[in-house]
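Q: Okay, sequence plus prediction incoming.
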Amino acid sequence: MVKKKLIVFASGSGSNAEKIFEYFAQNKVIEVVGLIYNREGVGVVEKANKFSIPTFYLSNDAFVSGEKVLEICKKQGAQFIILAGFLRKIPQILIQAYPNKIINIHPALLPKYGGKGMYGHFVHEKVSENGDDISGMTIHLVDEVYDNGKVLAQYTCPIIPHEPADSIAQKVLQLEHTYFAQTIDKYISQL
């Protein structure tokens with residue numbers, strides 16, 4: 001059986017990427033064929049190296065047209081792109097080349113806390129500021145609009161109204177680590 005191949009994009013320390021690398025390391029159906037990152041010196045590279053996953057650095061400028069990004073994805077044989085804490089807008093050329101095959105994780109419930117500028121601590125601060133009693137994470141397909149694509153799964157956690165953003169972040173990260181890789185597996189396996 002030929003394995004389905006995915007490539008991971010990340011911009012930071014890579015805790016979600018690492019969970020993906022671990023989850024698919026011994027998978028019989030799906031394999032990770034590369035990591036593309038856009039910030040030098042980020043921790044995700046070391047995590048990919050632990051699993052002997054090829055890594056590719058591309059500057060933010062390379063993501064404007066996306067041609068070099070697409071070239072690497074094709075060269076690696078990637079059939080799916082996974083955004084694991086990747087903080088750049090995906091160029092149109094990739095969205096066209098991978099329709100319904102780019103999966104993102106968002107650290108809040110969509111559509112309420114999505115859109116340009118809503119990432120990382122900004123999301124958790126807004127949730128805290130609004131006094132919500134629930135937060136969570138969303139796994140969704142990527143299209144041309146920030147945080148707009150079809151929702152594949154959402155998981156929630158209770159929070160205290162106006163709970164500190166750092167505390168909310170920890171709870172949401174636990175959900176991400178628990179459910180992101182298995183949701184990717186479920187989605188890709190059915191295609």
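A: It's in.
Q: Find the helix or strand that residue 176 is a member of.
A: In the assignment (DSSP states H and E), residue 176 maps to helix 165-189.
Q: So which bits of the helix or strand of the chain with the lowest mean pLDDT are buried?
A: Across the helices and strands of the chain, mean pLDDT, DSSP states H and E gives its lowest value to helix 62-65, namely a mean of 93. By 16 or more other CB atoms under 10 Å, the buried positions in helix 62-65 come out as 62-63. Every residue, glycine included, has its C-beta placed from N, CA and C.
Q: how near is residue 174 to residue 15?
A: The spacing between residue 174 and residue 15, counted by CB to CB, to the nearest Å, is 11 Å.
Q: the more surrounded of these two?
A: residue 15 (16 against 13; other CB atoms under 10 Å).
Q: hang on, the earlier thing: check what contacts the helix holding residue 176 and list those residues.
A: Helix 165-189 is contacted from outside by 4, 6, 15-16, 19-20, 22-24, 27, 29-30, 80, 82, 84, 103, 105, 107-108, 121, 124-125, 127-128, 135-137, 139, 152-153, 155-157, 159, using CB atoms under 8 Å, 6 or more residues apart in numbering.
Q: ok, of those, which come out buried?
A: Those of the contacts of helix 165-189 that meet the buried threshold are 4, 6, 15-16, 19-20, 23-24, 30, 80, 82, 84, 103, 105, 107-108, 124, 127-128, 135-137, 139, 152-153, 155, 159, by 16+ other CB under 10 Å.
Q: In strands, which of those appear?
A: 4, 6, 30, 80, 82, 103, 105, 135-137, 139, 152-153, 155 (DSSP state E).
Q: Widest-spaced pair of those?
A: 4 and 135 (31.5 Å; CB to CB).
Q: got the buried residues for stretch 143-152?
A: So, applying 16+ other CB under 10 Å, buried residues of stretch 143-152: 146-147, 149, 152.
Q: mind listing which of those are in strands?
A: Going by DSSP E, the strands hold residue 152 from those.
Q: Columns distance to residue 52 on top of the buried residues of stretch 143-152, output as JSON lines?
A: Below are the buried residues of stretch 143-152 laid out as JSON lines (distance: CB to CB, whole Å):
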{"residue": "146", "distance to residue 52": "33"}
{"residue": "147", "distance to residue 52": "33"}
{"residue": "149", "distance to residue 52": "31"}
{"residue": "152", "distance to residue 52": "28"}
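Q: Please render the buried residues of stretch 143-152 as CSV that adds pLDDT to the earlier fields.
A: CSV is the format used below for the buried residues of stretch 143-152 (pLDDT from 0 to 100):
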residue, pLDDT
146, 88
147, 93
149, 95
152, 98
